[in-house]
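Would you be able to build a 3D model of this:
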Amino acid sequence: MNNHYNPNLKIYARELRTASVSKAEKYIWKALLSRKQMGVGFKRQRPIDKFIVDFFSAEIKLILEIDGSSHLNKGTYDAYREQKLKRLGFVIIRFSEGEVINNIDNVHSVISRFIEVKKFDKEETL
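All right, here's what the predicted structure looks like:
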């Protein structure tokens, strides 16, 4: 199961992980998402279909997006992208850069609740 991984975007995704990572993306990665701190694994700048998502957990089909100033004039494109990813079976949770930097505890709570619900759903279907 490759979760619609697109190897053609691999080089561009690597560039995004290194050259143009926002302060909020670095912060959430170190504070919450790296090394399975939330109990599930996340990948950074993951190519899915024809998009690159900020963070992705294959285990629970969760995409996390951190919206910075570059998203201010991209409302239509972001809506299209989100709709397409949802049709592929993913759940998207969006946070603003300000939320991540100024309220990491709330960001942690939102992600934790989603993970708990997913784990509970898995147990129910077993």
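
from here on, contacts and neighbour counts on C-alpha atoms
Fine.

from the chain's centre, how far out does the helix ranked longest in the chain sit?
Counting by DSSP state H, the longest helix found in the chain is helix 104-125. In terms of Cα atoms, centre = their mean, to the nearest Å, the centre of helix 104-125 is found 14 Å from the chain centre.

who does the strand or helix carrying Phe56 pair up with?
Assigned by DSSP states H and E, Phe56 falls within strand 51-57. Using DSSP bridges, strand 51-57 pairs in its sheet with strand 43-48 (antiparallel), strand 62-67 (antiparallel).

so where's the protein shaky on pLDDT?
Applying pLDDT under 70 to the chain flags residues 1, 12-13, 16-20, 70-73, 125-126.

Tell me how many other residues crowd the closest residue in space to Glu25 that isn't next to it in sequence.
Spatial nearest neighbour of Glu25, chain neighbours left out: Ile66 (6.8 Å); criterion: Cα to Cα, 6 or more residues apart in numbering. Applying other Cα atoms under 10 Å, we find 20 residues neighbouring Ile66.

Bridge partners for Ile66, pull those for me.
With DSSP bridges as the rule, Ile66 is bridged to Phe95.

ok, it - contacts?
With contacts defined as Cα atoms under 8 Å, 6 or more residues apart in numbering, Ile66 is in contact with 24-25, 54, 94-97, 100.

how about a cut-off of 7 Å?
25, 54, 94-97 (Cα atoms under 7 Å, 6 or more residues apart in numbering).

Drop anything exposed from the residues you listed.
25, 54, 95-97 (16 or more other Cα atoms under 10 Å).
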